[in-house]
Structures are given as C-alpha cells and as structure tokens.
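A.B. asks: what's the 3D shape of this:
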Amino acid sequence: LDEERRSFCQRDASNVDQVRILEERLEQERKKAVESAKDQSNMVANGEERIAGLESDRDSLRLELKSERLALSVFEANLAKAKEEAEEEKLRSSKRDTSYVDQVRSLEEQ
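C.D. replies: Numbering: from 1, shown residues only. Predicted coordinates:
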C-alpha cells in the first residue's frame, strides 16, 4: 500500500510538473501571438499611413496638373489672339503700304 501511495504521489507530482510545463509553453505561445499581432497591427498601420500619404501626393499632383492645363489653355488662347492681332496688323500695314503706293503714283501722274 505504501508502495502504491508512493507510486501515485510520484505520478501525481509528474503530472503536476507536466501541467506546469504545458502552462508555461501555453503562456509563451500566447505572448508570441500577442507580439505577432502587435507587429502585424503596426505593419498595417504603417501601410495605411503610407497609402494615405501617397493618395495625398496623388491628389496634389492632380490639382497641379489641372492648374498647369488651365495655364496652358490660357497661354494658347493668348497666343492665338496675339497671332490674330499680328495678322490683322500685317493686313492693315499692307493696306497702308498699298495706299501710300497709290498716293505716290497719283502724285507722280500729276
């Protein structure tokens, strides 16, 4: 009976040790999982922050492009107007030259 009691106590002690070891492993795995979750959460947050920054940059560039296109349109309109005015001035100058030539001929004929 003493032998059985000693054997039982040894098995019981062994089982207690195994449970303690398993609880320690379980706690270590839980800590690893928590750290892994924190790391992944940080990576996601960093990724979202980078995405937000890139979206902001994209929006700024779109606005700048729109502004540049507007400026180009204004420049092209002004250029077209200047060309038209230059052609009109050229035509007026040509008419004046023709008028002067006609006046000179008229004077020469007199």
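
A.B. asks: centroid residue for the protein?
C.D. replies: In the chain, the residue lying closest to the centroid (Cα atoms, centre = their mean) is residue 54, at 2.3 Å.

A.B. asks: in three-state terms, label it for me.
C.D. replies: helix (DSSP: H, G, I helix; E, B strand; the rest coil).

A.B. asks: give me the neighbour count for residue 86.
C.D. replies: 10 (other Cβ atoms under 10 Å). Any C-beta I mention is one placed from the backbone N, CA and C, and that applies to glycine too.

A.B. asks: where does it fall, helix, sheet strand or coil?
C.D. replies: When classified by three-state DSSP, residue 86 comes out as helix.

A.B. asks: quick one: it from residue 98, how far?
C.D. replies: Remark: distance between residue 86 and residue 98 (Cβ to Cβ, to the nearest Å) = 19 Å.

A.B. asks: could you do residue 9 as well?
C.D. replies: Plainly put, residue 9 is 131 Å away from residue 98 if you go by Cβ to Cβ.

A.B. asks: again with residue 38
C.D. replies: Residue 38 is 89 Å from residue 98, by Cβ to Cβ.

A.B. asks: and for residue 83?
C.D. replies: Distance, residue 83 to residue 98, by Cβ to Cβ: 22 Å.

A.B. asks: one more: residue 2?
C.D. replies: Residue 2 sits 141 Å away from residue 98, going by Cβ to Cβ.

A.B. asks: so how far is whatever helix or strand residue 45 lives in from its chain's centroid?
C.D. replies: For residue 45, the enclosing helix or strand under DSSP states H and E is helix 2-109. Helix 2-109 sits 0 Å away from the centroid of its parent chain (Cα atoms, centre = their mean, to the nearest Å).

A.B. asks: packing partners of it?
C.D. replies: For helix 2-109, not one helix or strand is in contact under the criterion 3 or more Cβ pairs under 8 Å, 6 or more residues apart in numbering; DSSP states H and E.
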